[in-house]
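Asker: with the input below, show me the fold.
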Amino acid sequence: MILSVSRRTDVPNYYSDWFVNRIKEGFLYVRNPMNAHQISRIDLSPNVVDCIVFWTKNPVNMLEKLNYLQDYVYYFQFTLTGYGKDIEPNFPNKREVLIPTFKKLSEKIGKEKVIWRYDPIFINDKYTMDYHLKAFEEIAGNLAGYTEKAVISFVDLYAKTQRNMKKLGIRYMTNEEMISLSGKMAQIASKYNLVIEACAEQIDLQEVGIRHGSCIDKKLIEKLSGCELIGKKDKNQREACGCFESIEVGTYNTCLNGCKYCYANFNNDKVNANVKLYNQTSPLLCGNITSDDQVTDRKVKSLKNNQFSFLEQII
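Answerer: Numbering: from 1, shown residues only. A predicted model of the protein is given here:
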């Protein structure tokens, strides 16, 4: 199985101690967001975890804990944009802290295991297309040699996202604008020897040199693990999403990044209440087991085709 850690919250930033304790104990609990009383127990044994995909905007708290992952294949999706504190209020200075953190992580684990995400992209009176191009080029120049790939996507204005962004004056981008901006970003990426991909976009950007990407990337995982994987596209994601199947271990309404475009936090009061329940020694992230809860073992298995790998080695 592939672990997604996490689309729902920034585990490396805020809950790294919890995750490391889960690795040490060999299991964790995940509450079903559609049925709060259903809890799955997930086995974290290295023989069933084929890869861990981390999603983060600031992995500084993981830098000294990477030794706990030595028995696992893993990589990081590191989001680094040009937005200021009006959009991403709870981050340290990007030039002074986050870009150096990206470089340190890359030096520790290898540039192929740190994917740079510049997303989601939206435009308003402040964050114009020209603004994004300048920010993208500055970051790309700084990260040259420390990553191999850049991933972009355009903001999806879900109902809960619109509530958070109502005062920001965001307007919809036309297909022509998205193609134009993407094409110029592709030129910048090429300048710095970066592959550029689009995340879950309906619009076809291949004509400007941007292919559809996969955040849970089957080909990358096979490359890192040296083994073919047998599995399917993740049926729980959007139709345009190309991600490989994975198990999500995060919890909604627990991220403290405070990003105005966030789709995983629905209610600030709920976030604050959940964070108060955080216990780094608990098997459950930001929550307690109650008498009404039912904990069941989730059936998990490795997706590796070990026979294929063995034959490849012989050849």
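
Asker: which parts of the stretch 201-315 of the chain are strands?
Answerer: Secondary structure of the stretch 201-315 of the chain (DSSP state E, counting those that start in this stretch): strands at 211-212, 247-248, 294-297.

Asker: tell me the most buried of those strands?
Answerer: strand 247-248 (a mean of 18; mean count of other C-beta atoms under 10 Å). (C-beta placed from N, C-alpha, C; glycine too.)

Asker: adjacent strands (with direction) for that strand?
Answerer: With DSSP bridges as the test, strand 247-248 is paired with strand 2-5 (parallel).

Asker: that older thread, could you dump the strands of the stretch 201-315 of the chain into a markdown table and include distance to residue 12 and mean pLDDT?
Answerer: Converted to a markdown table, those look like this (distance: least, C-beta to C-beta, whole Å; pLDDT from 0 to 100):
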| stretch | distance to residue 12 | mean pLDDT |
| --- | --- | --- |
| strand 211-212 | 26 | 88 |
| strand 247-248 | 15 | 96 |
| strand 294-297 | 26 | 96 |
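
Asker: now the helix or strand hosting residue 130: buried residues?
Answerer: Per DSSP states H and E, residue 130 falls inside helix 129-143. Using 16 or more other C-beta atoms under 10 Å as the test for burial, helix 129-143 gives 132, 133, 135, 136, 137, 139, 140, 142, 143.

Asker: which secondary structure elements does it contact?
Answerer: When contacts are defined as 3 or more C-beta pairs under 8 Å, 6 or more residues apart in numbering; DSSP states H and E, helix 129-143 sits against helix 99-109, strand 114-121, helix 175-191.

Asker: give me the neighbour count for residue 214.
Answerer: Neighbour count for residue 214, taken as other C-beta atoms under 10 Å: 19.

Asker: kindly state the beta-bridge partners for the most centrally placed residue in the chain.
Answerer: Compute the mean C-alpha point of the chain, and by C-alpha atoms, centre = their mean the closest residue is residue 55, 2.8 Å away. Applying DSSP bridges to residue 55 yields these beta-bridge partners: residue 77.

Asker: picking up where we left off before, average pLDDT across the helix holding residue 130?
Answerer: If you average the pLDDT over helix 129-143, you get 98.

Asker: what's in contact with that helix?
Answerer: Under the contact criterion C-beta atoms under 8 Å, 6 or more residues apart in numbering, helix 129-143 has outside partners 80-82, 94-95, 99, 102-103, 116, 118, 121, 123, 150, 177, 180-181, 184-185, 188-189, 191-192, 194.

Asker: switch to 6 Å and redo it
Answerer: For helix 129-143, contacts defined as C-beta atoms under 6 Å, 6 or more residues apart in numbering pick out 80, 82, 99, 116, 118, 181, 184, 185, 188, 192.
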